[in-house]
Structures are given as structure tokens and as C-alpha cells.
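Chemist: predicted model and sequence below, questions to follow.
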Amino acid sequence: MLKLKRFGVSIEQALLEKFDAHIKKKNYTNRSKAISDLMRKEFVVEEYKKNSSIAGAITIVFNHHKRDLMDKITDIQHASHNLIISSQHIHLDHDNCLEIIAVKGKYLKVKELADKLNSVKGVSHKSLCVSTAEKCI
């Protein structure tokens, strides 16, 4: 079991009220868990900025009627097969598709892959969501 430490924090009342409203909206049961999660999130961001190993998802939205678009997306993914764990293709409507690509690797390589996918003409939106692939405090 993890050893817990208690500490006191002095904070402006208005900021605390805003924080309490935020954690209530996020369904936290106490401030301690919310503060711990915020701290971990900050450490994860610092880690991937150092090009550490990350796990995450790239999502792209595109019009599948665009000529050669699927071939280009597939070619880019095949060229980065060592980063891709899996992918899922979803038909949003008659024209638009959503591709969710699960990835794991060095942050800069994953970001480069996401940027390549986004640069393909016909891709209307890209999102990269990352988390640490290494042990987090």
C-alpha cells in the first residue's frame, strides 16, 4: 500500500470555491484525489515533453469521398506500423469517417505521425491524446 502524507495548503477563497465546483462537476469525492490527479497530469506532460514513451490515441475525421485519401492514410499508417497498436474505422455519416488509432512510442515520433495524418488533404480534424506509457507517481 502507498504511504500517504498529509500537508496543508493556503489558497485564496475564490480560487478554492472555483476548484470545489470543478471537482464536484468531475465527480471527485474529495479534494485530495483531485489534487493528486492534477499533479500527476502535470508530471505526465513534463515527461512527454522530454520525448519519453507515451501511449495514446490519434483521432482523425475525414471525408471518405476524397480521391485517394484512404490510400494515403493507410500508407502513412503502414510506414509507422511500429507505433500503431490498433485502429478503428467508424462511419459517422454518408460522407464522413472517424479513424481512431491507438499508439505507443516516443512522443516526438507519435506527434510526427499525427501531424502527417492531419496534413493529408481531406482530413478535416486531428486530435492527439497522450498519457505516459511509463510508471507514473
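Modeler: Arrived safely. This is a predicted model, so every value here is computed, not measured.
Chemist: angles on the backbone of residue 43, please.
Modeler: For residue 43, the backbone dihedrals (degrees, to the nearest 10) come out as phi -70, psi -40.
Chemist: what's the local residue count around it?
Modeler: By other CB atoms under 10 Å, the residues close to residue 43 number 12. Glycine gets a C-beta too; all of them are placed from N, C-alpha and C.
Chemist: need the next SSE after the helix or strand residue 54 falls within, C-terminal direction.
Modeler: Using DSSP states H and E, residue 54 maps to strand 53-63. Using DSSP H and E, the helix or strand that directly follows strand 53-63 along the chain is helix 69-79.
Chemist: show me the domain layout of the chain.
Modeler: Under the assignment automatic domain parsing, the domains of the chain span 13-49, 53-132.
Chemist: endpoints of the longest one, how far apart?
Modeler: The first residue of domain 53-132 is 7 Å away from its last residue (CA to CA, to the nearest Å).
Chemist: ok, back up a step: for the strand holding residue 54, what is the average pLDDT?
Modeler: In this model, strand 53-63 carries a mean pLDDT of 94.
Chemist: repeat that for stretch 129-137.
Modeler: 73.
Chemist: in CSV: the domains of the chain, plus distance to residue 5.
Modeler: Output for these, formatted as CSV (distance: least, CB to CB, whole Å):
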stretch, distance to residue 5
domain 13-49, 11
domain 53-132, 22
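Chemist: thanks a lot, catch you later.
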